[in-house]
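Enquirer: The sequence and its predicted three-dimensional model are supplied below.
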Amino acid sequence: MLGRINSAAASAAGKIRSTSVGNLGARMISQLAEPREPQVVTSEIPGPASTSALEKLSKIQDTRAAAFVADYEKSVGNYIVDADGNQLLDLYCQIASIPVGYNNEAILQAARSDQMATALANRPALGVFPSADWAQLLEESLMRVKPAGLDMVFTSAHGSDANELAYKAAFMHYARTRRGDKMFSAAELSSVMDNQPPGAPEVAILSFAASFHGRTFGALSTTRSKALHKLDIPAFPWPRAPFPQLRYPLDKYSEENAKEEQRCLEETERILRTNAVPVAAIIVEPVQSEGGDRHASPEFFRGLRRITNELGVLMIVDEVQTGCAATGTFWAHEQWGLESPPDMVTFSKKMQAAGFYHTSDLVPDQPYRNFNTWMGDPARALLARAIVAEVIDKGLLAHVRATGDYFTSHLKPLAVRYHRLVSNVRGTGTFLAFDCPSTEMRTELLHLMRMEGVNMGGSGETTVRFRPMLTLSKSHVNVFLTRFESVLNKMYQKHWPQ
């Protein structure tokens with residue numbers, strides 16, 4: 001008996017110590033303050049601690065793409081801290097997916113809540129057993145920022161999944177509009193089990209050159225940014241339309257760019273009218289982010305909406321990377337001035353939740369058709385609710401626009417002064433980019449910037465992209481600019497000595 005009592009007492013003491021340590025850790029994280037500037041304490045990044053951790057991890061996972069190992073307990077705001085103690089201003093932010101800063105207090109509060117604990121301990125199969133608070137949670141999170149004209153949301157796991165599910169919705173809608181009120185035929189029911197028509201019809205999704213829509217099978221068939229993403233993977237023979245290749249500065253090349261966009265619109269319409277198999281939907285990014293930050297004008301996107309409406313083709317807007325305020329509006333397509341909304345808008349990344357918005361017309365005619373076990377995740381929606389509240393309550397849309405204007409106004413003069421290294425400055429909000437003369441030059445620039453304490457990333461073949469937090473301020477921009485100009489000077493001295 002005494003032994004059992006002592007054992008129980010020891011167990012209780014252990015729980016108290018564990019709880020105390022956990023609470024202390026939470027308090028320490030919440031009391032973190034941003035550094036005033038970056039600090040690099042190793043002669044190379046990754047440093048010895050990161051290198052050692054990566055060697056250990058490489059025994060159980062492929063680490064060849066890893067830049068360094070992060071210490072997320074010490075990372076704060078706009079700064080990421082690595083395992084060696086290097087403090088880097090982060091302008092890449094987990095490939096554009098951290099919205100309001102590392103260890104943001106509002107996000108931490110959501111993570112510590114009883115509602116989050118319940119969601120994590122009892123993850124529901126939402127399509128069959130939704131939680132009692134699921135509708136309210138959606139209203140307070142994803143539906144609070146729903147795109148105009150789209151009153152429903154399908155929640156999913158990640159960006160590729162969101163696009164994949166949107167494609168399925170498009171195909172089911174296409175078939176239903178042609179089948180009418182008829183039931184599935186015997187031929188459809190039998191042929192589909194052999195992956196043959198008419199049950200598995202030959203229908204397509206059109207995407208654009210240099211686009212990126214994910215790495216799952218259907219999404220990968222619409223991805224056109226890099227061959228490496230697609231090699232060795234069977235693909236659907238779906239059509240590709242040209243995306244405008246604009247010249248900069250825009251005001252200098254307005255006539256040429258208008259002709260380029262018209263050419264692309266005409267070719268898109270030709271493909272939609274003449275493709276060997278019918279096209280159920282097109283998918284397009286507001287900015288081709290992985291493809292090299294390629295932009296098009298609002299007029300181009302209005303032209304796409306006009307064509308798709310005329311031909312009865314659905315329009316899916318992929319806002320996985322552009323969504324959640326980075327361009328200065330919550331959804332980038334808000335800037336297009338469309339006469340009618342897109343049929344679907346997919347999202348993920350900064351929202352910390354994923355899925356697609358749609359109308360009731362795109363709900364399948366029977367349950368269990370567009371479906372999976374989880375159908376999203378309440379834990380993700382709880383984070384999305386906190387993120388949306390931060391964006392709205394703290395006026396981050398106006399903040400992003402002001403910071404973006406300041407950022408661009410300083411980048412453009414540097415592009416003139418250092419024109420051999422920096423060209424084609426472009427973007428809206430803080431969703432900005434510029435081009436380097438070669439892939440090798442870009443790699444060198446990104447490495448030197450990291451050694452100066454700024455974490456950045458590339459896209460396409462030669463583009464440097466900025467994907468900062470929505471909380472990036474003018475003072476952060478100034479920290480970047482000082483180090484950026486220092487790196488540009490070093491590279492000029494190396495490659496073009498006077």
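Expert: Now that the structure is in, tell me what you want to look at.
Enquirer: So which bits of stretch 234-245 are buried?
Expert: 238-239, 241-244 (16 or more other CB atoms under 10 Å). For the C-beta atoms, the positions are set from N, CA and C on the backbone; glycine is no exception.
Enquirer: Let me know the closest of those to residue 66.
Expert: Closest approach between the buried residues of stretch 234-245 and residue 66, by CB to CB: residue 243, at 31.0 Å.
Enquirer: show me where the stretch 351-498 of the chain has strands.
Expert: Assigned by DSSP state E, counting those that start in this stretch, the stretch 351-498 of the chain shows strands spanning 354-358, 423-428, 431-435, 454-455, 457-459, 463-466.
Enquirer: okay, which residue is most central for the protein?
Expert: Geometric centre of the chain, nearest residue: residue 321, 2.9 Å, by CA atoms, centre = their mean.
Enquirer: from what I can see it touches residue 287, true?
Expert: Yes. In this structure, residue 321 is within contact of residue 287 by CB atoms under 8 Å, at 7.5 Å.
Enquirer: Now do residue 101 against residue 443, distance only.
Expert: According to CB to CB, to the nearest Å, residue 101 stands 28 Å off from residue 443.
Enquirer: more neighbours, these two?
Expert: Taking neighbours as other CB atoms under 10 Å, residue 101 and residue 443 compare with residue 101 leading, 23 against 13.
Enquirer: got the contact list for the more buried one?
Expert: Shown in contact with residue 101 (CB atoms under 8 Å, 6 or more residues apart in numbering): 76-78, 469, 471.
Enquirer: Let's see which of these end up in helices.
Expert: Nothing among those maps onto helices, per DSSP state H.
Enquirer: now, among those residues, which is nearest to residue 31?
Expert: residue 76 (9.6 Å).
Enquirer: how close does the closest one get to residue 455?
Expert: In terms of CB to CB, residue 76 sits 14 Å off from residue 455.
Enquirer: what's around residue 314, how many residues?
Expert: For residue 314, using other CB under 10 Å, the count is 25.
Enquirer: for the nearest residue to it once chain neighbours are set aside, helix, strand, or coil?
Expert: Leaving aside its chain neighbours, residue 314 sits nearest to residue 281 (3.8 Å; criterion: CB to CB, 6 or more residues apart in numbering). Using DSSP: H, G, I helix; E, B strand; the rest coil, the structure places residue 281 in strand.
Enquirer: Check whether residue 281 really touches residue 167, as I assumed.
Expert: Yes. Applying CB under 8 Å, one finds residue 281 in contact with residue 167, separated by 7.1 Å.
Enquirer: Please identify which helix or strand holds the spatially closest residue to residue 368 that is not a sequence neighbour.
Expert: Spatial nearest neighbour of residue 368, excluding adjacent residues (CB to CB, 6+ apart): residue 127 at 7.8 Å. Remark: residue 127 resides in no helix or strand, with elements defined by DSSP states H and E.
Enquirer: Within its local environment, how many residues does residue 127 see?
Expert: The local packing of residue 127 (other CB under 10 Å) involves 16 other residues.
Enquirer: rewinding a little: overlap of the contact sets of residue 281 and residue 167?
Expert: Common contacts of residue 281 and residue 167 (CB under 8 Å, 6+ apart): 205, 316.
Enquirer: quick one, which of the two is more surrounded?
Expert: Between residue 281 and residue 167, counted using other CB under 10 Å, the more crowded position is residue 167 (30 against 24).
Enquirer: and the next element down the chain from the helix or strand where the more buried one lies?
Expert: Using DSSP H and E, residue 167 falls within helix 159-179. Next in sequence after helix 159-179, counting helices and strands by DSSP H and E, comes helix 186-191.
Enquirer: Using PDB, write down the CA coordinates of that following helix.
Expert: The C-alpha trace of helix 186-191 is given here as PDB (Å, rounded to 0.1, in the frame of the first residue of the first chain):
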ATOM      1  CA  ALA A 186     -25.200   0.800 -66.300                       C
ATOM      2  CA  ALA A 187     -22.400   1.500 -68.800                       C
ATOM      3  CA  GLU A 188     -21.000   4.300 -66.600                       C
ATOM      4  CA  LEU A 189     -21.200   2.200 -63.500                       C
ATOM      5  CA  SER A 190     -19.300  -0.700 -65.000                       C
ATOM      6  CA  SER A 191     -16.800   1.200 -67.200                       C
END
